[in-house]
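**Q** model this:
(chains A, B, C and D)
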Protein chains: 2
Amino acid sequence: MISPLEVFRKYINGKGLRNTPERETIIMEIFSVHDHFDVDELFLRMKDQKSKISKASIYRAIPLLIESGLIKEVFFEDGHLHYEPIYGHSHHCHLRCIRCGKVIEFVEEEMNNIIDRLSKKSNFNILDHRLDFTGYCPECNEKSALK
Amino acid sequence: MISPLEVFRKYINGKGLRNTPERETIIMEIFSVHDHFDVDELFLRMKDQKSKISKASIYRAIPLLIESGLIKEVFFEDGHLHYEPIYGHSHHCHLRCIRCGKVIEFVEEEMNNIIDRLSKKSNFNILDHRLDFTGYCPECNEKSALK
DNA sequence: TTGTTATTGCAATTAATTTGCAATAACAAT
DNA sequence: ATTGTTATTGCAAATTAATTGCAATAACAA
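**A** Residues are numbered from 1 along each chain as shown, chains lettered A, B, ... in the order given. This next block holds a predicted model:
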């Protein structure tokens, strides 16, 4: 499997755009952690590593990373968007505790059947989906029950 | 079944807050259309009906409407949040065309099984979920294929 | 090496949402 | 009904995420 950087270079070339060290740094940072992130957090992570890349460059890179299939938007929370790497990751759903914020990721095999069925019924060409659950994690559920 | 207004009054009383004609107008407008909405759209709909209610009041009412179980956030798009009435509505998923924006709603029975299975496996107390599909609707899919 | 122009960082802008404040009004107690 | 307390309102100002204009820089094709 080719690396995220290679995927990005191909995409950029195909579009007649230019690759830059800034964009490669952003991609490397995202794929060194393999977890969801938001712009501010990514900016701070890179700053910790002495990177001087501006937030504007991150904001400008994001649509390219999405278009090239490296990342996607996952949810809007705390007043801003959150993203996660998808290239090289299997599609997964989120189970999020509304009390402590804990997020568990898991793969739901049944979704493929649902998508097949729904595609046929609706005639939509379904390209992506989002399945997120919210509730109380075991610990927070106990704490709520005590009150 | 009691009306959305009654549900809201109960909630407001239980919290020691005060009900107002502004909030009742907002609720009536939302439940007269029974479809998803955003703040600006709701504000304009009410303005058309000669209502003088300010946007600030709508923004301040929304957390109360969510807490009382009348509406919920559905997605963040075009730079702002979208909501939909849930009281008296069966839980449904969205199928959205990424080209023309068309949204189809449907009920996915299989979700109940998935939730049961997942609750047992994770020990989470699952309270809500969101299942959204994106892709091309039949018309837009044809148009894209032609290019 | 050179020329074109995409990309950068910075600062200013935009747009959604929140908040401070003084006036108003809901509602419990009288 | 009247009154007092204080939640709610509308307005305008503030806040915050995200976008954009601009001049300087740098990618990359020729």
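**Q** Quick check: phi and psi at A:Pro63.
**A** Geometry field for A:Pro63 lists phi and psi as phi -60, psi -30, criterion degrees, to the nearest 10.
**Q** What's the separation between it and A:Ile71?
**A** According to C-beta to C-beta, to the nearest Å, A:Pro63 and A:Ile71 sit 10 Å apart. Bear in mind the C-beta positions are built from the backbone N, C-alpha and C, glycine included.
**Q** wait, what's in contact with the residue nearest the centre of chain A?
**A** Most central in chain A under C-alpha atoms, centre = their mean is A:Glu84, positioned 1.5 Å from the mean C-alpha point. Counting by C-beta atoms under 8 Å, 6 or more residues apart in numbering or on different chains, A:Glu84 makes contact with A:35-37, A:71-72, A:74.
**Q** Which members of those residues are classed as buried?
**A** Buried subset of those (neighbour count, 16 or more other C-beta atoms under 10 Å in any protein chain shown): A:36-37, A:71-72, A:74.
**Q** just those now: which is nearest DNA strand C?
**A** Nearest to DNA strand C, judged by C-beta to the nearest atom of the strand, of these is A:Ile71 at 15.7 Å.
**Q** Would you point out the most distant pair within the buried ones among the contacts of A:Glu84?
**A** In these, the most distant members under the criterion C-beta to C-beta are A:Phe37 and A:Lys72, with 11.9 Å between them.
**Q** Please enumerate the shared neighbours of the two.
**A** Joint contacts of A:Phe37 and A:Lys72 (C-beta under 8 Å, 6+ apart) are A:83-84.
**Q** Tell me which strands the strand ranked longest in chain A pairs with, and in which orientation.
**A** Secondary structure of chain A read by DSSP state E shows that its longest strand is strand A:125-136. With DSSP bridges as the test, strand A:125-136 is paired with strand A:93-97 (parallel), strand B:125-136 (antiparallel).
**Q** Using TSV, please lay out those strands together with distance to DNA strand D and mean pLDDT.
**A** TSV is the format used below for the strands paired with strand A:125-136 (distance: least, C-beta to the nearest atom of the strand, whole Å; pLDDT from 0 to 100):
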stretch	distance to DNA strand D	mean pLDDT
strand A:93-97	18	90
strand B:125-136	18	92
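**Q** Closest residue of chain A to chain B?
**A** A:Phe76 (3.3 Å; C-beta to the nearest C-beta).
**Q** Check the spacing between that residue and DNA strand C real quick.
**A** Distance of A:Phe76 to DNA strand C, computed by C-beta to the nearest atom of the strand, to the nearest Å: 9 Å.
**Q** wait, that residue sits on A:Tyr83?
**A** No. Using C-beta atoms under 8 Å, A:Phe76 makes no contact with A:Tyr83, being 10.8 Å away.
**Q** Mind checking which of these two has more residues around it?
**A** For A:Phe76 versus A:Tyr83, the count of surrounding residues by other C-beta atoms under 10 Å in any protein chain shown is larger for A:Tyr83: 20 against 16.
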